[in-house]
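# Sequence first, predicted coordinates after that:
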Amino acid sequence: MAIVEAPFKIKGTIDDINFFMNNEINRARKKAESAMTSEKYWKEPNYHGVRMQGKQMGLCSKTSKIFRLITHAFNSNAKDGSYAGRANALFLNIAKEDHKNVRGSRLVTEGIKTKYGRELLLGFESNKLRPLSLVLPSKKWERNDNSFTIPKCLLETDINWPEEATHVTFNLAIANWNIETNQFTTNYGAPQFFSKTDTKQEITLTVAPPKEEDLHLTFVFIGFSKQLGSRHIPLHRKNNTATLIGYRYFPLQSDESPAAPDETPTENLAPPFSFA
């Protein structure tokens, strides 16, 4: 580092020399060489861990993209800004359970074969601002095979309502996902629609699972809307909930899937959410 002695001050860069002021002293120093170059990144062993982590994240983000499409009809109505990043992190953690391959080549398809890897799926929220535990704080809900039940539900008090909401829509979906081929089939149930002022309800959601038997994932959706005259306006997706509440991994099971119960008939008005 050098000191500039001149009747004027110099600031900025000339060629590879930086001029700057420090404690009222005009100084000059050679511009430092970049610590990182493309050649260093790809060739030096010090960056091997970083390269492998980047490769691993790339593999997991492709799986995450398919996962986010599985229940797009739910997620498009219930998610927050961190949804995609949290999904990527979920599958990065599942891939870490692959102990057959080295870092950078670990596969979600291997990690999902472990019980711990599959358990990581449970409770994944599309919208972390409104998790299922917040929306249904009483924890009265039950899941049995292909159904989701809230017995003796007092709608006004058993549900955590957004301030503007006057109505709520419930729905259930079961998807089959072949992670090896990234093919999936999703079956949506018949949505049920209630007013905040309705009397005590026995809420039962059912859906027939897909015929394919790879990895079945069960999701529940709770969406809120407000009534304006004869119209029902869905609230912004930040107010709604979509949660992965169950799975069934068929490669480790020899028992046949139980038949789905009949769908619960409903005479409610059509909800304002579309699940087509």
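Nice, I can see it. Numbers count the residues shown, from 1 in each chain.
# Return the residues in contact with residue 176.
Residue 176 sits next to 184, 185, 186, 209, 210, 211, 212, 213, 214, 215, 216 when contact means Cβ atoms under 8 Å, 6 or more residues apart in numbering. Every C-beta, even on glycine, is put in place using the N, C-alpha and C of the backbone.
# What pLDDT is listed against it?
Looking at residue 176, its pLDDT is 97.
# is it in a bridge, and if so with what?
Legend: beta-bridge partners of residue 176 under DSSP bridges are residue 185, residue 216.
# what separates it from residue 22, distance-wise?
66 Å (Cβ to Cβ, to the nearest Å).
# need the contact list for the closest residue to residue 70 other than its chain neighbours.
Nearest residue to residue 70 in three dimensions, chain neighbours excluded: residue 175, at 4.7 Å (Cβ to Cβ, 6 or more residues apart in numbering). Residue 175 makes contact with 70, 71, 184, 185, 186, 187, 210, 216, 217, 219 under the criterion Cβ under 8 Å, 6+ apart.
# give me that answer again for 7 Å
If you count contacts by Cβ atoms under 7 Å, 6 or more residues apart in numbering, residue 175 has them with 70, 71, 184, 185, 186, 210, 216, 217.
# what about the protein, any weak spots by pLDDT?
By pLDDT under 70, the weakly predicted segments of the chain are 1, 32-38, 40-43, 45-55, 252-270, 276.
# phi, psi of the closest residue to residue 91 other than its chain neighbours?
Using Cβ to Cβ, 6+ apart and skipping residues adjacent in sequence, the residue nearest residue 91 is residue 60, 4.2 Å away. Phi and psi for residue 60, reported as degrees, to the nearest 10, are phi -70, psi -30.
# Any idea how many residues pack against residue 60?
25 (other Cβ atoms under 10 Å).
# Just to check, it is in contact with residue 95?
Yes: look at residue 60 against residue 95 with Cβ atoms under 7 Å: they come within range, at 5.5 Å.
# what residues are shared contacts of those two?
Shared contacts of residue 60 and residue 95, defined by Cβ under 7 Å, 6+ apart, comprise residue 108.
# before we move on, the earlier item: nearest to residue 171, of the contacts of residue 175?
Among the contacts of residue 175, residue 71 lies closest to residue 171 (Cβ to Cβ), at 9.9 Å.
# Format the contacts of residue 175 as CSV; extra columns: distance to residue 91.
Listed next are the contacts of residue 175 as CSV, based on distance: Cβ to Cβ, whole Å:
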residue, distance to residue 91
70, 13
71, 16
184, 15
185, 20
186, 18
210, 21
216, 18
217, 13
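# and which of the residues you listed is nearest to residue 233?
The shortest approach to residue 233 among those belongs to residue 71, at 22.5 Å (Cβ to Cβ).
# That closest one and residue 188 touch, don't they?
No: taking contacts as Cβ under 7 Å, residue 71 lies outside contact range of residue 188: 8.3 Å.
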